[in-house]
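# Kindly generate the corresponding structure for this input.
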Amino acid sequence: MMKIFNRSILLTIAVAVSVFLAACVTMPGSKADNANKNLTIPKRYDATQPPVPQVANGLLSLFPDSRMSSYVSRAMNSNPDLRASAARLEEAGFNTRKAYAPLVPSLTANAGASRARSAGVGTTATATTANRYATSLDAQWEIDVWGRIRAGVTAAAGDRAAAAADYASAKQSIAAQTMQAYFSLVAADKLLGLSNRRLNSFQKTLDLVNRRFEAGTGSLGDVELAKTDVENTRAQVDQRKDTRDQAARSLAALTGAYPDAQARASSWPSLRRSVPAGIPSNVLLNRPDIDAAYQRIRAADSRVTVAHRDLYPSFALTASAGQQSSTLRNLANSNFNVWSFAGNIAAPLIDGGSRRSELGAANARAKQALASYQSTVLNAFQEVENALGSERYLQSQQNSYQSALKAAKNAEDRIRRNYETGLVEILTLLDAQRRSFDTEESLINTQALRYQNRVSLALALGKGL
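Numbers count the residues shown, from 1 in each chain. A predicted model of the protein is given here:
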C-alpha cells in the first residue's frame, strides 16, 4: 500500500514539475495580429495622376472579345498548372480532416489466432502445445486539456484557407496570362501583316526604280539600294511568321492543348472603362495572394501554439473489450470475456531541449510567414503603381505614335511624288518608307503593351475573373 502511495506522490510531483516548467516558457505573441503594423499604406496611389484609369470588375469584363473569352474558358478547364493547384487545395482539405481526427476517440477491431509449443520442466516432462484465439475492440482517446490538438486543427484550416486563396490566385493568373498571350498573338498577326505590306511597298519602289533605270533616268546603285530593302523585308516576313507561330503555341499551351500554331485571334477589342482603381487598402482585401500569405501567418501562429502546448503533460484514456479462449467455439461464451480500462499521463521532463527548440523553430517560421506576407503586400502595391503609371504613359505614347504615323505617311506620299518627278534621291524615298513602317510597328507594339498592361492592372488590383 505504501509503495502505491509513494508512486502516486512521485507521479503527482512529476506532473506538477512538467506543468511548472511549461508555464515558465513564454508563449510568443501572435504574428497575424501585427501583420500590417510596419506597412505604410497611403490613402491614394502615387501613380494616379489625372486622368485616373478606370478598370472593369473582373478580367473577363475588360474586353468584349468572345474568341479571347473562349481561350480563357479552355484554360480554366484544362490548364495543367491550374489542375495542380486544385489538387493541392483538395489535399489541404484532407489534411484538415486528418488534423481533426484526434479530437474524437479511435476505435479498432482486432482478431488473432496463435499456436505455441512450450518445453516441459524436468527430465520426464513432456512438451505442450496450446492454441490461443482472441477478439477485441480497442478504444483510445487523448484528452485535449491544453488545446494542442485544437490548435493543430486551426493550423490545418489555415493551410486549407491558404490553398483556397492560392487556387483563386492561380485562376486569375492563368486567365491573365491567357489574355496577354492572346494580345501577343493579335500583335504578331498585325506585325506580320505590316511586314507583308512593307514588302509590297518596297517591291513597288523597286519596280519604279527599275523603270527609271530602264528609261535612263536612274542609276544601277538606286536599283541595288531598293533591292536591299526588299530582301531585308522579305527576311523580316519570315521572322514575323516564326514569331506569330510561337505566340500561337504559347496560347495553345496555356489552354492545355497541344502547342501547335493553329490558334487564331481577332483584332484589338475596345477598352471598357467602368470601375475606378480604388484606394490602396482595397488591395489587402481583394488580392488572393495577399489572403494566402495572411492565412499562412495564422497557420504558423497556430503551430507555435501546438509547440508550446506540447511542453505540457498529455492525458490519454484506453479501453479494450473482447474474448480470449483456447478454442474457437468458446469465443461466443461470455465466460471468456476480457476487458481493460486505463488512463495515462505523459509528462515531459528532460528531453535535451527538443520541445523548446521546436517551439523556437515554430516561432521562427511564424516570423518568416509574417515577413513573406509583408513582402507580398509591398509587391502588390508595386505592381499596382507600375501598372497605373504604365497605363498613363502608354496612352500618351500611343497618341504620339498615331500623330507621328499620320505625318510619316503624308511625308512618304509627298516624297514619292517628288521622286517620280526627279526632285529627290532614292535614299530619301526609302528613308521615308522606313520611317512610316517603323512608326506603325511602334504603334502596334505600344497597343499590345497597353492591352497587356490593362490586364496586369486588373490582376494587380485583385479584380478577379
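
# Output the below-cut-off pLDDT ranges for the chain.
The model of the chain has pLDDT under 70 over residues 1-57, 119-127, 272-279, 326, 328-336.

# Show the residue spans covered by the helices in it.
2-23, 66-78, 80-100, 148-214, 220-254, 281-286, 288-309, 354-420, 426-460 (DSSP state H).

# and the fourth one, what does it pack onto?
When contacts are defined as 3 or more C-beta pairs under 8 Å, 6 or more residues apart in numbering; DSSP states H and E, helix 148-214 sits against helix 66-78, helix 80-100, helix 220-254, helix 288-309, helix 354-420, helix 426-460. Just so you know, the C-beta spots here come from the backbone N, C-alpha and C atoms, and that holds for glycine as well.

# Go through these and pick out the most buried.
Of all the helices and strands packed on helix 148-214, helix 288-309 carries the top mean neighbour count, a mean of 23, counting by mean count of other C-beta atoms under 10 Å.

# Scan this protein for its longest strand.
In the chain, with assignment by DSSP state E, the single longest strand is strand 128-143.

# Export it to PDB, keeping only CA atoms.
Taking Å, rounded to 0.1, in the frame of the first residue of the first chain, the C-alpha atoms of strand 128-143 are listed here in PDB:
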ATOM      1  CA  THR A 128       2.800 -29.000 -24.600                       C
ATOM      2  CA  THR A 129       1.100 -27.300 -27.500                       C
ATOM      3  CA  ALA A 130      -1.500 -24.600 -26.900                       C
ATOM      4  CA  ASN A 131      -3.800 -22.700 -29.100                       C
ATOM      5  CA  ARG A 132      -5.000 -19.100 -28.400                       C
ATOM      6  CA  TYR A 133      -7.800 -17.200 -30.100                       C
ATOM      7  CA  ALA A 134      -8.700 -13.700 -29.300                       C
ATOM      8  CA  THR A 135     -11.000 -10.900 -30.500                       C
ATOM      9  CA  SER A 136     -11.100  -7.400 -29.100                       C
ATOM     10  CA  LEU A 137     -12.400  -3.900 -29.600                       C
ATOM     11  CA  ASP A 138      -9.900  -1.300 -28.600                       C
ATOM     12  CA  ALA A 139     -10.600   2.400 -28.000                       C
ATOM     13  CA  GLN A 140      -8.100   5.200 -27.500                       C
ATOM     14  CA  TRP A 141      -8.600   8.900 -26.800                       C
ATOM     15  CA  GLU A 142      -6.300  11.800 -26.000                       C
ATOM     16  CA  ILE A 143      -8.000  14.400 -23.800                       C
END
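
# in it, what's buried?
Tyr133, Ala134, Thr135, Ser136, Trp141, Glu142 (16 or more other C-beta atoms under 10 Å).

# May I see those residues organised as a markdown table, with distance to Ala181 added?
Formatted as a markdown table, the buried residues of strand 128-143 follow (distance: C-beta to C-beta, whole Å):
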| residue | distance to Ala181 |
| --- | --- |
| Tyr133 | 69 |
| Ala134 | 66 |
| Thr135 | 64 |
| Ser136 | 63 |
| Trp141 | 55 |
| Glu142 | 53 |
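
# What is the nearest of these to Arg160?
Glu142 (22.6 Å; C-beta to C-beta).

# do you know how far Pro348 is from Arg309?
11 Å (C-beta to C-beta, to the nearest Å).

# let me fix that: Gly193
68 Å.

# do the same with Ser195
69 Å.

# try Thr255
For Thr255 relative to Arg309 (C-beta to C-beta), the value is 48 Å.

# Serialize the helices and strands packed on helix 148-214 to JSON lines and add fields for distance to Ala181.
Compiled in JSON lines, those are given as follows (distance: least, C-beta to C-beta, whole Å):
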{"stretch": "helix 66-78", "distance to Ala181": "8"}
{"stretch": "helix 80-100", "distance to Ala181": "14"}
{"stretch": "helix 220-254", "distance to Ala181": "4"}
{"stretch": "helix 288-309", "distance to Ala181": "21"}
{"stretch": "helix 354-420", "distance to Ala181": "18"}
{"stretch": "helix 426-460", "distance to Ala181": "9"}
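
# what's the closest of these to Trp339?
That would be helix 80-100 among these, by C-beta to C-beta, at 28.6 Å.

# Not counting that closest one itself, show me its contacts.
For helix 80-100, contacts defined as C-beta atoms under 8 Å, 6 or more residues apart in numbering pick out 75-76, 149, 152-153, 155-157, 159-160, 162-164, 166-167, 170-171, 174, 256.

# Also stretch 403-411?
Applying C-beta under 8 Å, 6+ apart, the external contacts of stretch 403-411 come out as Ala432, Arg435, Ser436, Thr439, Glu440, Leu443.

# With adjacent residues omitted, what lies nearest to the second one?
Read that as Arg435. Ala408 (5.0 Å; C-beta to C-beta, 6 or more residues apart in numbering).

# Kindly report the same for the last one.
Nearest non-adjacent residue to Leu443, counting by C-beta to C-beta, 6+ apart: Tyr401, 4.0 Å away.

# In contact with Ser340, which residues are there?
Listed by C-beta under 8 Å, 6+ apart, the contact partners of Ser340 are Thr318, Ala319, Ser320, Ala321.

# That one and Ala109: what is the separation?
Between Ser340 and Ala109 the computed distance is 16 Å (C-beta to C-beta).

# now do Ala215
For Ala215, the distance to Ala109 (C-beta to C-beta) stands at 106 Å.

# hang on, isn't Ala263 packed against Ala253?
No: using C-beta atoms under 8 Å, Ala263 is not in contact with Ala253, being 9.8 Å away.

# Look up the closest residue to Gly322, ignoring the ones flanking it.
Of all residues not flanking Gly322 in the chain, Ser136 sits nearest, at 3.0 Å (C-beta to C-beta, 6+ apart).

# Verify the contact between that neighbour and Ser320 for me.
Yes: taking contacts as C-beta under 8 Å, Ser136 lies within contact range of Ser320: 5.3 Å.

# give me the number of residues near Arg264?
Arg264: 10 surrounding residues under other C-beta atoms under 10 Å.

# Enumerate every residue touching it.
Arg67, Leu185, Ala248.

# For the most centrally placed residue in the chain, which non-adjacent residue is closest in space?
The chain has Ala170 as the residue nearest its centroid, 4.4 Å off, counting by C-alpha atoms, centre = their mean. Excluding the flanking residues, the one nearest Ala170 by C-beta to C-beta, 6+ apart is Ser85, at 4.0 Å.

# Against Asp431, how distant is the nearest residue to Phe213 once chain neighbours are set aside?
Once flanking residues are discounted, Phe213 sits nearest to Val223: 5.3 Å by C-beta to C-beta, 6+ apart. Separation of Val223 from Asp431 (C-beta to C-beta): 17 Å.

# With Asp229 instead?
From Asp229 to Asp431 the distance is 10 Å (C-beta to C-beta).
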